[in-house]
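Undergrad: take a look and give me a structure for this.
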Amino acid sequence: MRVRAPSFWWRKPGLGAASLAPFSDIYGRIAGKRLAGVGRSVGVPVVCIGNLTLGGSGKTPTALAVARMLIAAGERPWFLSRGYGGRQRGPVVVDANKHQAKDVGDEPLLLARLAPTVVSRDRPAGALLARELGASSIVMDDGFQNPSVAKHLSIITVDGRHGIGNARVFPSGPLRAPLHQQLARAQVLIVVGDIVLAESTIAIAQTHGLAVFCARLKPDPEAVRLLSGAPVLAFAGIGHPDKFFTTLIEAGIRLGLTHGFADHHGYTRAQAERLVAEAERHGWTLVTTEKDLVRLRDDPRLGSLARRARTLPVRLELSREQDFEALLRSALSAHRGAHPPGRP
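TA: This next block holds a predicted model:
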């Protein structure tokens, strides 16, 4: 079970953050030095989707949106993931008929529905395997702070409702590395949702020359229709469960009760039984995220909850989508101009 992020991460710096400042200085220096590393070219263009902070920010929906654009442009994109939460070190190609979340992680199982996906702790090895198996481009879901693979377009996602919190580096705050060092390695910032708490980040990103786009998570209309009417009991174990609950509300779905858990939460049998009993007592429909349902289906002890729970699939909807697609095509063309076929 993962520990929930401390609440002071998302407030103005106070005593909690100040007491951890010496550790943040050390962590920040190490992370910044690592971020500056030179990655290995793997012979095909690499688009990396990352975030500035620990926790959820919309990386996976963004990776899926990028892959859809590449497929529409005639590319053969493969996803590359570390496979957080899975036991496979890889490199291994995800097989939805064989693998479970405990093997390869929850995100890779979702990614593999759209395009071939490789899980590998050794990212260069995973990227090279994807290229050997026919990838014309690679979309990395996370890995921005990992310098081992040369990236040709780095896209940073920020949750607009949370921004970058207190703007401190871990453990004083949620930043994975010093802010300016991270922005210096990126080319695009995508703010997902309301931008109010991300306005200062947008301003700083623009001073670094990043192209800034706004986006929203659009729920599947048929799923919304099926969930409309009676209240639902919503639960989620993701980076920011409140983001999922807000998406439900904005879709017009009535919330009877909500339960939020830590990111990648491993549900227990007792928790599953309580959720089912609570929903049955009120006559409410259980609803969760696609990532949560993938994990629930791993454990036969959670079968009752997995069978009853519905999901609300979402897609990332970008503003100025044509501008973003042009930027994406330009990054791929620049790589191919510098590396003609046959050269790594």
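
Undergrad: residue 165 in helix, strand or coil?
TA: Using DSSP: H, G, I helix; E, B strand; the rest coil, the structure places residue 165 in coil.

Undergrad: quick one, longest helix in this structure?
TA: In the chain, assigned by DSSP state H, the helix with the most residues is helix 321-338.

Undergrad: packing partners of it?
TA: Judged by 3 or more CB pairs under 8 Å, 6 or more residues apart in numbering; DSSP states H and E, the packing partners of helix 321-338 are helix 59-72, strand 153-159, strand 211-219. Placement of C-beta: from N, CA and C, glycine included.

Undergrad: compute the inter-axis angle for the last one and helix 321-338.
TA: Counting by axes from the mean of the first three to the mean of the last three CA atoms, to 10 degrees, strand 211-219 lies at 120 degrees to helix 321-338.

Undergrad: average pLDDT across strand 211-219?
TA: Strand 211-219 shows a mean pLDDT of 94.

Undergrad: for the longest one, same thing?
TA: Averaging the model's pLDDT scores along helix 59-72 yields 96.

Undergrad: list the buried ones in that helix?
TA: Buried residues in helix 59-72, counted by 16 or more other CB atoms under 10 Å: 59, 60, 61, 62, 63, 64, 65, 66, 67, 69, 70.

Undergrad: hmm, who's touching the helix or strand following that helix?
TA: Heading C-terminal from helix 59-72, the first helix or strand you meet, by DSSP states H and E, is strand 77-81. The contact list for strand 77-81 (CB atoms under 8 Å, 6 or more residues apart in numbering) reads 46, 63, 66-67, 70-71, 104-105, 107-108, 111-112, 114-120, 123, 126-127, 130, 133-143, 149.

Undergrad: what pairs with the very next helix or strand once past strand 77-81, parallel or antiparallel?
TA: Next helix or strand after strand 77-81 toward the C-terminus (DSSP H and E): strand 92-93. With DSSP bridges as the test, strand 92-93 is paired with strand 117-119 (antiparallel).

Undergrad: ok, back up a step: what comes up buried for the longest helix of the chain?
TA: Buried residues in helix 321-338 (16+ other CB under 10 Å): 324, 325, 327, 328, 331, 332, 335.

Undergrad: list the contacts of the most centrally placed residue in the chain.
TA: With distances taken as CA atoms, centre = their mean, residue 59 lies nearest the centre of the chain, 2.8 Å away. Taking CB under 8 Å, 6+ apart, we find residue 59 in contact with 49, 50, 51, 141, 142, 157.

Undergrad: can you pick the most crowded of the residues you listed?
TA: Within these, residue 49 tops the neighbour count with 29 neighbours, counted by other CB atoms under 10 Å.

Undergrad: count of neighbours near the closest residue in space to residue 314 that isn't next to it in sequence?
TA: Excluding the flanking residues, the one nearest residue 314 by CB to CB, 6 or more residues apart in numbering is residue 217, at 4.2 Å. Applying other CB under 10 Å, we find 21 residues neighbouring residue 217.

Undergrad: specify the beta-bridge partners of residue 217.
TA: residue 316.

Undergrad: OK, contacts around it?
TA: If you count contacts by CB under 8 Å, 6+ apart, then residue 217 has 58, 61, 192, 193, 247, 314, 315, 316, 317 around it.

Undergrad: residue ranges with poor pLDDT in this protein?
TA: Counting by pLDDT under 70, the chain has low-confidence residues at 1-4, 13-16, 337-344.

Undergrad: most distant residue from the middle of it?
TA: Relative to the chain centroid, the chain (CA atoms, centre = their mean) has residue 281 farthest, 34.2 Å.

Undergrad: can you tell me the SS state at it?
TA: Here residue 281 is recorded as helix under three-state DSSP.

Undergrad: measure it to residue 275 for me?
TA: Taking CB to CB, to the nearest Å as the measure, residue 281 falls 11 Å from residue 275.

Undergrad: ok now stretch 222-241, how far from the chain's centre?
TA: Centroid separation for stretch 222-241 versus its chain: 19 Å, with CA atoms, centre = their mean, to the nearest Å.

Undergrad: one step back: could you point out which of the helices and strands packed on helix 321-338 sits nearest residue 182?
TA: Residue 182 lies closest, by CB to CB, to one member of those: strand 153-159, at 7.3 Å.
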